[in-house]
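Visitor: Model the structure of this input:
(one chain, ligands or ions: 1)
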Amino acid sequence: MSKKIKTMKWDSVPLEGFPASLMDKFQGFVGLEECTDYGLDKNVKRSKKKKQVNLQASTVQNESKSKVAKKRKNKDNKNKPETVVVPSKKIKLSNGFFVESCDKVTPSSTNITDKDGKVKQKKESVKGNQTNDNIRKKVEDKSDKVLTSTADKKQRIGNKAKKRKLGEDITEVSSLTPEDMLSWAEFKLPQEIIKALMELGFKNPTKIQQLSLPAAVHGRRDILGAAETGSGKTLAFGLPILTGIMKLKEKAALKGLDVYDIPYKKSSVKKKSKIEDQKSKKIKRKGKGRGNKEKDVKESSEDGYSSGDDDVKDEPAKVRNESEEINNEDFIEEFEVPVRKREESVDEGNDSDEENYTHLSDMLDSDDLKSSDEDEIDENDKNESKLDQEDNDADGVDEVNPNEQGIGCVKVIDDVELPANVMYKTGKPLYALILTPTRELAIQISRHLIAAAKYTGIKVATIVGGMAAVKQERVLRSGPEIVVATPGRLWELLNQGQPHLQQLSTVKFLAIDETDRMLERGHFEELEPLLERINSDESHRSARQNFVFSATLTLVHDLPTHMKGKKVTKRGKIINRKINKMTPQQKINKLISMIGMTDPKVVDITAENLGTAETLTESRITCSFEHKDSYLYYILKRHPGRTIVFCNSIGSVKRLAQLLALLKCQPLPLHASMPQRQRLKNLERFRDDPLGVLVATDVAARGLDIPDVDHVIHYQVPKTAENYVHRSGRTARASKEGLTILMIEPSEAYSYAKICRTLNKTSELPTFPVPLHGLAPVKELVAAARALDALLLRQRRAAQALGWRERVARDMDMIVDDDDVPAAKIDPSLDKALKMKRKQLDSMISRPLFPQGFSFKYPTLNDHVALVTPDDNALQVMKKAIETGELKKDKRKSKNDALLKLEKKFKKL
Ligand SMILES: Nc1ncnc2c1ncn2[C@@H]1O[C@H](COP(=O)(O)OP(=O)(O)OP(=O)(O)O)[C@@H](O)[C@H]1O
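Guide: Down below sits the predicted model:
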């Protein structure tokens, strides 16, 4: 040990985020940090000073350099072709921003002159161009009706080069003006948010946004929202959260209060009861006037904003009209809170702080995504802890290089038990927590929020498994106002004592997306303790605003057969164990109590279609198990388009992806046992390819917002009606049209009938038209691919067996000499057969599948040079079939009576 260290004394240091009075509650800390005698901090400061001195010196140099550079730049500019920009409209926003709408913005004159928006606006114009390119490409693909293999390839490659991130919008930079945004005015959202919405091109709120924003923003009510898939639920909770955070910050800054102490929610509710008390007293006093007064109140609440009768949309207005005793201050302002000076560090909002934002591709581009076997199932991010621990070990030296200081810094935390009911204040409050069931959804929601919060300075962090925890911790250290997370990783970091997350019990906003899925028993074991932790402080729980959203919030699926009806025991005793399934109201009540909501407003607009989008066209294909692959291949080839094929298991996804790859369909698999890096890559590739085929499990069923998915194919009947709704909801989003095809084999008839019953379908789904004569050559081709697949499987198994022999020998410390080394080829006949089959398949794929004169508009299923006509559009084909009544005949003729019988049977039950 060096002399310096020997002479040092142990000293106590304040822990980040903990008041000194609580320090003695902790036991088990072994602090070696003091060994550094704060040398690290000092040195950091010193190095900062050094940097400043260097900066000053360099500015003198830079000034002279910049003169030269300017000259060069001018010279360069002279050489460049001049771009003339003619702004068609220039409007000044109330917040002082200028908005121009130009036909061509390359580069805008505003971009050059406007200091504030210089970089951002340039970026936007680039994004806009890329977007246009993308859309143009798609339009060209479809309207030109010609797809050459080279063009197709180029397109795929071109799209790859763009590297947009998951959840990033591809809509064109909108040409909306502030005047177009009037329909948002009634919600009184901050100008910064309106500006972002304008740029996103969101001219009007969607129905769910319209119905939930008044109660959420003005009434500060908890919201239980159920609306069809793709209807904008994310912003229905995102906008109130962003607005609420801005108001809280504003209030804290104005009055010098501690944000932690400002209650947010329930003012309206408490006040409502107070007002109602006063109202009733007044009304009693007024005697005769009572009837009129009541009528007035009722009328003001009948605003069409709620499906229930507990609407508070007009509360502020009502209050003002109603009584003079109740003054007309803003709802937040009404609270008398203990005045406490804020800590200096509270005001941390900084737009330009890029590091505070989590960027998916930042994570992807760096090599800290983990390898395949580290990453298993979303819902159970458990296995990651060990590997991430290694990352954490390195984390201590992340910001300061120990070698530079000469003395390292060691943190030893010995199984610390943090008291659950302690309030943690880090000076950078965590305002909102958003929980989602899948990692991809968390990333997507973050992106949507970041886009809406573009001008607010609010930072959003994404905390998900499958990515290095060290980066996520770093982002958390910067104190983001919003954390979007999956339960597993959040729970892990929370238990590791991550300071920012210790504020979970004081969050002002909690949103649980896809709530019904999240709270399903046995799915997220971390969720229950998480909620316990979040609800551990009663005063904060009751002041917290909660948002619970899903397309199937009020949908209750049938119980599995084993849970209903009579059961005969081994001894022959008959037990009637009929369990009644929950009613929608019971389901909602359960959610309310589990989350700790109070007085929520229920906005359920799923009544008619039970969660599926109005613009969705549903259909089915009934076939034998044997022919499912052929039907699927037929649809993919006959009706090309961006398609998601859903399977019920990881095994099915793997098998199908392998088969489709052999058939040259370029499938992109997605399932929970893939490495996270690959999952995201495949999703991004799928999004960028207008002819992409994603083969996925239900991990992709909920929430994913990939624009312009043309078809959703349920390769297997989903296990529940909820899954059917969510899978189907990946198409027909944001008022666009889409088609879903449910593939049913006889053994799935029961599940199909159950889904129909749960979704109140009075008749069977219409059959998707597939001409049988068109299917014959497809069957032949698929059979050849399957044969090849079987041979490949044999080969893989044999190779695995050989590897196994070698491994066992090594494990037993056996000397493996040359004679023992297995022959490179296990079975020469297998190899030969493989070669032959491959050749055969390739030649079949290259041949026209249909004889000349075949009724299809193009001659082959497999030739990319084939013409694609609008008649090939599956949605149009289906719609036409419905219109012409082809289906009625089909229904009578078909052998699906078994399904109808089953359905009838269900009705009798
Ligand atoms: N006001 C709006 N105007 C136009 N588009 C909007 C608006 N609000 C949201 N969107 C867009 O609608 C699409 C669907 O939104 P979102 O993902 O929030 O749907 P959702 O209801 O949560 O769907 P799901 O139930 O599948 O999770 C997104 O691309 C989003 O950008």
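Visitor: Please make it C-alpha for all contacts and neighbour counts, starting now.
Guide: Noted.
Visitor: For the stretch 501-650 of the chain, which segments are assigned as helices?
Guide: Taking DSSP state H, counting those that start in this stretch as the test, the helices found in the stretch 501-650 of the chain are 515-518, 527-534, 538-543, 584-595, 628-638, 650-662.
Visitor: I'd like those helices as JSON lines, with distance to Lys779 appended.
Guide: Output for the helices of the stretch 501-650 of the chain, formatted as JSON lines (distance: least, CA to CA, whole Å):
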{"stretch": "helix 515-518", "distance to Lys779": "38"}
{"stretch": "helix 527-534", "distance to Lys779": "47"}
{"stretch": "helix 538-543", "distance to Lys779": "60"}
{"stretch": "helix 584-595", "distance to Lys779": "45"}
{"stretch": "helix 628-638", "distance to Lys779": "5"}
{"stretch": "helix 650-662", "distance to Lys779": "13"}
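Visitor: just so I know, which of these lies nearest Gly497?
Guide: Closest approach to Gly497 among those (CA to CA): helix 527-534, 13.1 Å.
Visitor: Summarise which helices and strands that closest one is packed against.
Guide: helix 487-495 (3 or more CA pairs under 8 Å, 6 or more residues apart in numbering; DSSP states H and E).
Visitor: Report the buried residues of stretch 766-776.
Guide: Neighbour counts over stretch 766-776 (16 or more other CA atoms under 10 Å) mark 766-769, 774-775 as buried.
Visitor: swap that for stretch 677-693, sorry
Guide: Residues 677-693 are the ones in stretch 677-693 that count as buried (16+ other CA under 10 Å).
Visitor: tell me the average confidence for that stretch?
Guide: Averaged across stretch 677-693, the pLDDT comes to 95.
Visitor: In CSV, list the C-alpha atoms belonging to that stretch.
Guide: C-alpha atoms of stretch 677-693 as CSV (Å, rounded to 0.1, in the frame of the first residue of the first chain):
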residue,chain,number,x,y,z
ARG,A,677,-30.0,-7.7,-31.2
GLN,A,678,-31.4,-10.0,-33.9
ARG,A,679,-35.0,-9.4,-32.8
LEU,A,680,-34.7,-5.7,-33.3
LYS,A,681,-32.7,-6.0,-36.5
ASN,A,682,-35.4,-8.3,-38.0
LEU,A,683,-38.1,-5.9,-36.9
GLU,A,684,-36.3,-3.0,-38.5
ARG,A,685,-35.7,-5.0,-41.7
PHE,A,686,-39.3,-6.0,-41.8
ARG,A,687,-40.4,-2.4,-41.4
ASP,A,688,-38.1,-1.3,-44.2
ASP,A,689,-39.2,-3.9,-46.7
PRO,A,690,-42.6,-3.5,-48.4
LEU,A,691,-42.5,-7.2,-49.3
GLY,A,692,-41.2,-8.3,-45.9
VAL,A,693,-42.4,-11.5,-44.3
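Visitor: returning to what we had before: turn the buried residues of stretch 766-776 into TSV, including secondary structure and distance to the ligand.
Guide: Output for the buried residues of stretch 766-776, formatted as TSV (DSSP: H, G, I helix; E, B strand; the rest coil; distance: CA to the nearest ligand atom, whole Å):
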residue	secondary structure	distance to the ligand
Pro766	coil	23
Thr767	strand	25
Phe768	coil	24
Pro769	coil	27
Gly774	helix	34
Leu775	helix	33
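Visitor: could you dump the residues you listed to JSON lines with distance to Thr515 and pLDDT?
Guide: Output for these, formatted as JSON lines (distance: CA to CA, whole Å; pLDDT from 0 to 100):
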{"residue": "Pro766", "distance to Thr515": "31", "pLDDT": "91"}
{"residue": "Thr767", "distance to Thr515": "33", "pLDDT": "91"}
{"residue": "Phe768", "distance to Thr515": "33", "pLDDT": "92"}
{"residue": "Pro769", "distance to Thr515": "37", "pLDDT": "89"}
{"residue": "Gly774", "distance to Thr515": "44", "pLDDT": "74"}
{"residue": "Leu775", "distance to Thr515": "42", "pLDDT": "84"}
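Visitor: now, which of those sits nearest Met836?
Guide: For these, the minimum distance to Met836 (CA to CA) is 24.6 Å, reached by Leu775.
Visitor: The closest one touches Tyr633, doesn't it?
Guide: No. Leu775 lies out of contact with Tyr633 (CA atoms under 8 Å); the separation is 9.5 Å.
Visitor: separation between Glu492 and Leu224?
Guide: Look at Glu492 and Leu224: by CA to CA, to the nearest Å, they are 28 Å apart.
Visitor: related to what we said a few turns ago, just the buried residues of stretch 677-693: which are in strands?
Guide: If you go by DSSP state E, the buried residues of stretch 677-693 have Val693 in strands.
Visitor: Narrow the buried residues of stretch 677-693 to those in helices?
Guide: Secondary structure from DSSP state H places 677-688 of those in helices.
Visitor: Can you name the residues of the stretch 101-250 of the chain that neighbour the ligand?
Guide: 202, 204-206, 229-235 (CA under 6 Å from any ligand atom).
Visitor: now the chain
Guide: Close to the ligand, as judged by CA under 6 Å from any ligand atom, the chain has residues 202, 204-206, 229-235, 550-551, 702-703, 705, 729, 733-734.
Visitor: Just the buried ones from those residues?
Guide: Among the residues of the chain next to the ligand, those buried by neighbour count (16+ other CA under 10 Å) are 202, 205-206, 229-235, 550-551, 702-703, 705, 729, 733-734.
Visitor: Which of those fall within strands?
Guide: Using DSSP E, these in strands are Ser550.
Visitor: Pull out the buried positions in stretch 205-217.
Guide: Using 16+ other CA under 10 Å as the test for burial, stretch 205-217 gives 205-206, 208-217.
Visitor: go on, stretch 782-790?
Guide: For stretch 782-790, a neighbour-count test (16+ other CA under 10 Å) marks 782-789 as buried.
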